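**Student:** Compute the structure for the input listed below.
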Amino acid sequence: MSTEAPDSSPAIPRPALRRLPRYAAGKPPVPVAGVASFKLSSNENPLPPLPEVLAAISDLESINRYPDPTAAPLRAVLGEFLGVPADDIVTGTGGLGAFNQILAAFAGANDEAAPDEVIYPWRSFEAYPISVGLTGAVSVQVPLAADGRHDLPAMAAAITERTKVIVLCTPNNPTGPVLHTAEVVEFLDQVPPRIVVVIDEAYTEFSTDPEMVRGLDMYRKYPNVVLLRTFSKAYGLAGLRIGYSISHPGITESLRIAASPFTASAVAQEAAIASIELNEKIIERVQSLIFERERVLDGLRALGWPVPDAQGNFFWLNFGEDSADFAAVAEAAGLSVRTFAGEGVRVSIGEAAANTSLLEICAGYTKTPLAS
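**Tutor:** Presented below is the predicted three-dimensional model:
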């Protein structure tokens, strides 16, 4: 028997892989003696699923079987709830999984021509460049405007013959503002119908801006619009990984081809159905988080801190080069926040005690965020 060590040379990944940024998930808090610790780094709903939802999935006995491959029962309930045809809904493994299906179907490398382009705002959801890069397409990142909002005129100007997908994120993660109906209509009227426009509404349930664009209205008006939503945030099902897209049949038929089989587990489907049926209670929980968000924002602004309009379950502090320092101070007090090195800090709205602790930390911090 040979005692020689196996070849230790690593397999060679695709060149595109080496060019991609790494996704940095929010870290849990570091335990601090004598201090309650809270995770405010992942935009999670701090409230557990409703007891009725937990009961619905605890009684599930069919997990030895594959789930419905098209999530037909869930799509039927969701379609009735949203007032859209069930066939216009395609489920995915969280909102990101649904997004990846869109990219897989409509953007990537080409056999002979140059690769496709995907336009999106930046900074925005940090998974966008990773997902785009894995398809072989080229990211076209359009810088945000000074107030942390999309620069839609610049995004329209970035369109070329190679553009295949455009992404709008509203509320924008991590900066917080929403897009408004009038500006999105003006933008969409400039986009060629051949381009798929994704409206990512992962946090829409938390928005109170009366002028915010409603993705369902845009989907109904524009055949090239795909609405992207998730059960991870307002519904508190992040650990079950279930989201969905809504689009017209000319798009959904391609998404179903691009989708991996059985993307939504039986447990996730049952939890989502139960959550929809309990929507009034979900709304009450969302309202409680909105109340906490406004309490925190009022406290920060009373300190004279500039904070962009926050319409999700998080807010943005533009600390620039001081971002890591603020995060370290928060960590020492038992709070984990999400740091974007050299740019800013995103803080999720958590339990009331966590939010109070955050305000106390900010009141004692000697540096002030920059105006966005």
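**Student:** Put the alpha carbons of stretch 276-289 into PDB.
**Tutor:** Extracted in PDB, the C-alpha atoms of stretch 276-289 (Å, rounded to 0.1, in the frame of the first residue of the first chain):
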ATOM      1  CA  ILE A 276     -49.900  34.700   4.400                       C
ATOM      2  CA  GLU A 277     -53.000  33.500   6.100                       C
ATOM      3  CA  LEU A 278     -51.900  35.400   9.200                       C
ATOM      4  CA  ASN A 279     -51.100  38.600   7.400                       C
ATOM      5  CA  GLU A 280     -52.900  40.900   9.800                       C
ATOM      6  CA  LYS A 281     -50.700  39.600  12.700                       C
ATOM      7  CA  ILE A 282     -47.600  40.000  10.500                       C
ATOM      8  CA  ILE A 283     -48.600  43.600   9.800                       C
ATOM      9  CA  GLU A 284     -48.800  44.300  13.500                       C
ATOM     10  CA  ARG A 285     -45.300  43.000  14.000                       C
ATOM     11  CA  VAL A 286     -44.000  45.000  11.100                       C
ATOM     12  CA  GLN A 287     -45.600  48.100  12.700                       C
ATOM     13  CA  SER A 288     -43.900  47.400  15.900                       C
ATOM     14  CA  LEU A 289     -40.500  47.400  14.100                       C
END
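**Student:** ok now that stretch, how far from the chain's centre?
**Tutor:** From the chain centre to the centre of stretch 276-289 is a distance of 19 Å (C-alpha atoms, centre = their mean, to the nearest Å).
**Student:** before we move on, what about stretch 154-171?
**Tutor:** 18 Å.
**Student:** First-to-last residue distance for it?
**Tutor:** Start-to-end span of stretch 154-171 (C-alpha to C-alpha, to the nearest Å) is 18 Å.
**Student:** Flag every buried residue along it.
**Tutor:** 155-156, 158-159, 162-171 (16 or more other C-beta atoms under 10 Å). The C-beta positions use only the backbone N, C-alpha and C, and glycine is treated the same way.
**Student:** what would these look like in CSV with secondary structure?
**Tutor:** Converted to CSV, the buried residues of stretch 154-171 look like this (DSSP: H, G, I helix; E, B strand; the rest coil):
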residue, secondary structure
Met155, helix
Ala156, helix
Ala158, coil
Ile159, coil
Arg162, coil
Thr163, strand
Lys164, strand
Val165, strand
Ile166, strand
Val167, strand
Leu168, strand
Cys169, strand
Thr170, coil
Pro171, coil
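**Student:** Let me see the residues that make contact with stretch 51-68.
**Tutor:** Applying C-beta atoms under 8 Å, 6 or more residues apart in numbering, the contact partners of stretch 51-68 are 48, 74, 237, 262, 264-267, 269-271, 273-275, 278.
**Student:** Now list the buried members of the residues you listed.
**Tutor:** Looking at those with 16+ other C-beta under 10 Å, the buried ones turn out to be 74, 237, 264-267, 269-271, 273-275, 278.
**Student:** Reformat those as TSV; add secondary structure and pLDDT.
**Tutor:** TSV is the format used below for the buried ones among the contacts of stretch 51-68 (DSSP: H, G, I helix; E, B strand; the rest coil; pLDDT from 0 to 100):
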residue	secondary structure	pLDDT
Leu74	helix	97
Leu237	coil	97
Ala264	coil	93
Ser265	coil	95
Ala266	helix	95
Val267	helix	96
Gln269	helix	97
Glu270	helix	96
Ala271	helix	97
Ile273	helix	97
Ala274	helix	97
Ser275	helix	97
Leu278	coil	97
